[in-house]
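S.K.: What follows is a predicted structure for the sequence shown.
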Amino acid sequence: MKSFEANPGLYLHIPFCSAICPYCDFAVLTGGLEKRRRFADHLVREISMWADERSTFESIDTIYFGGGTPSALAPDDLDRILTAARENLSVHDYAWAFFEANPEDVTPESVRAWRDLGVRFLSLGIQSFDADALKFLGRRHSPDQARRSFEIARAAGFETISIDLIYGLPDQPFEIWRRTLEQAVALQPDHLSCYQLTIHEGTPFGFRLARGKMSEAPEETQGELFLFTHSFLKAVGYPGYEVSNFARSLEHRSRHNQKYWHHVPYLGVGPSAHSFAGTRRWWNERTLKPYEARIETGEKPIVGSEELTRSDLALEALMLGLRTTDGIDRLTFRERYGVDLLKSNEPLVERLVRDGLLKLEGDILVPTLAGLAVTDSLAWAFDLGER
């Protein structure tokens with residue numbers, strides 16, 4: 001594990017969006033300046049509640065603003081939040097700040113403010129360079145605005161700029177997705193995240209699907225798009241390092257997200273945020289009103305928790321590790337979780353290698369591209385002892 005992955009991370013959930021996209025199932029809402037400022041007040045108070053437990057998350061070296069849309073908050077509110085984190089928690093001076101933004105929020109003034117706050121990794125929620133796709137997805141920017149937002153961000157000097165894209169839209173011609181990828185790489189981003197459209201219950205798309213008003217892309221089509229995306233991006237200098245993430249070099253991989261994949265401790269604050277340390281995972285109130293109500297009583301807004309057994313952790317590590325092109329070191333896995341993946345599953349591993357889903361590189365189990373496409377089913381096939 002690289003050293004920067006071993007230190008804890010901090011996740012800050014900003015629940016506001018200017019409009020709720022029909023595919024989104026995150027804890028988000030709309031709200032004016034007053035509601036957003038009041039939320040920032042509560043978030044600062046929640047952060048201060050962890051001051052007595054700062055040793056649990058010692059030497060935080062990544063701070064991730066997610067949501068929602070972090071760019072919906074005013075720079076002075078973002079500054080107050082970061083100041084609270086540095087005053088109350090154990091945060092390294094060189095901690096990387098990650099920030100998600102929508103293209104319509106990107107201006108020369110806003111990116112300058114984010115850079116002044118120490119943001120080094122900026123992720124732009126572009127989703128598509130096709131006008132029809134953007135309309136279908138409920139996005140508020142145009143293809144031209146998307147390109148312009150990237151150019152403005154590049155001029156601001158962020159160390160890493162990432163573009164988020166969505167594929168697998170119902171009935172979308174394959175050529176549209178190819179052109180979207182071509183337009184994305186033409187901008188020369190440092191990182192790309194390509195997510196397959198997933199329709200969740202309770203979302204507008206979920207309601208439409210249930211009423212027969214829309215359909216999902218066929219599974220065969222989704223598989224073809226996945227394989228094409230990885231092959232195309234690798235050929236133009238963006239090899240995938242995880243199922244949905246691509247970087248043009250190692251230093252542009254997401255330092256924060258890799259913590260989740262390696263069971264590194266992380267503290268999550270804000271509505272719906274999750275935290276993890278040791279064998280315990282806990283999570284906050286999902287919606288804003290009960291979240292703020294708990295904080296006003298001086299109580300941490302934790303609404304649930306679970307204790308993970310060694311077997312639980314082993315299965316999670318296997319599932320997450322097989323989503324990455326780094327794979328899983330069986331010796332490290334055995335030391336940490338008490339399971340020798342090869343010794344306990346030799347016939348399975350031999351079959352997966354023979355079927356072209358897995359490679360064995362010394363002591364490291366590495367999924368092939370075909371294996372990445374079915375990673376969850378791969379993990380469940382392994383014998384990890386009691387579950």
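M.R.: Now that the structure is in, tell me what you want to look at.
S.K.: CA atoms for contacts and neighbours, from now on please.
M.R.: Noted.
S.K.: So which elements touch whichever strand in the chain runs longest?
M.R.: Taking DSSP state E as the criterion, the chain has its longest strand at strand 91-101. When contacts are defined as 3 or more C-alpha pairs under 8 Å, 6 or more residues apart in numbering; DSSP states H and E, strand 91-101 packs onto strand 60-67, strand 119-127.
S.K.: for those, which one sits closest to V91?
M.R.: Judged by C-alpha to C-alpha, the one of the helices and strands packed on strand 91-101 that comes nearest to V91 is strand 60-67, at 4.6 Å.
S.K.: residues in contact with the closest one?
M.R.: With contact meaning C-alpha atoms under 8 Å, 6 or more residues apart in numbering, strand 60-67 is reached by 4, 7-16, 26-28, 90-92, 94-100, 255-256.
S.K.: On the three-state scheme, the most far-flung residue of the chain relative to its centre is what?
M.R.: Relative to the centre of the chain, and counting by C-alpha atoms, centre = their mean, the farthest-placed residue is P347 at 34.1 Å. Put simply, P347 is helix when judged by DSSP: H, G, I helix; E, B strand; the rest coil.
S.K.: Can you give me the pLDDT of it?
M.R.: P347 carries a pLDDT value of 95.
S.K.: What residues does it make contact with?
M.R.: P347 neighbours (C-alpha under 8 Å, 6+ apart): none.
S.K.: Also A85?
M.R.: 44, 47-48, 91.
S.K.: quick one: it from S59, how far?
M.R.: Look at A85 and S59: by C-alpha to C-alpha, to the nearest Å, they are 12 Å apart.
S.K.: same question, I328
M.R.: Here the criterion is C-alpha to C-alpha. By it, I328 lies 26 Å from S59.
S.K.: low-confidence ranges in this protein?
M.R.: Counting by pLDDT under 70, the chain shows low-confidence ranges at 1-5, 386-387.
S.K.: Mind listing the residues bridging to V366?
M.R.: K359 (DSSP bridges).
S.K.: what's the burial count for the closest residue to T198 other than its chain neighbours?
M.R.: Distances taken as C-alpha to C-alpha, 6 or more residues apart in numbering put Y23 closest to T198, at 7.4 Å, once the chain neighbours are dropped. Neighbourhood size, Y23 [other C-alpha atoms under 10 Å]: 19.
S.K.: Y23 touches T203, doesn't it?
M.R.: Yes. With contact defined as C-alpha atoms under 8 Å, Y23 counts as touching T203 (6.0 Å).
S.K.: And for D52, the neighbour number?
M.R.: Other residues near D52 number 10, with proximity taken as other C-alpha under 10 Å.
S.K.: Could you give the separation of stretch 93-109 from the chain centroid?
M.R.: From the chain centre to the centre of stretch 93-109 is a distance of 15 Å (C-alpha atoms, centre = their mean, to the nearest Å).
S.K.: Quote the end-to-end distance of that stretch.
M.R.: 25 Å.
S.K.: Over to stretch 125-132?
M.R.: 16 Å.
S.K.: Contacts for that stretch next, please.
M.R.: Residues lying outside stretch 125-132 but in contact with it, judged by C-alpha under 8 Å, 6+ apart, are 100-103, 134, 142-143, 146, 163-166, 176, 180, 183-184.
S.K.: Show me where the stretch 201-350 of the chain has its strands.
M.R.: 240-242, 245-247, 266-269, 274-277, 280-284, 302-307, 328-329 (DSSP state E, counting those that start in this stretch).
S.K.: now what about the fifth one, what contacts it?
M.R.: It refers to strand 280-284. Strand 280-284 has contacts (C-alpha under 8 Å, 6+ apart) with 268-276, 291, 301-308.
S.K.: Let's see that with 6 Å instead.
M.R.: Contacts with strand 280-284, where a contact means C-alpha atoms under 6 Å, 6 or more residues apart in numbering, come from 271-275, 301-307.
S.K.: Just checking: what are the partner strands of that strand?
M.R.: Next to strand 280-284 in the sheet, as set by DSSP bridges, lie strand 274-277 (antiparallel), strand 302-307 (antiparallel).
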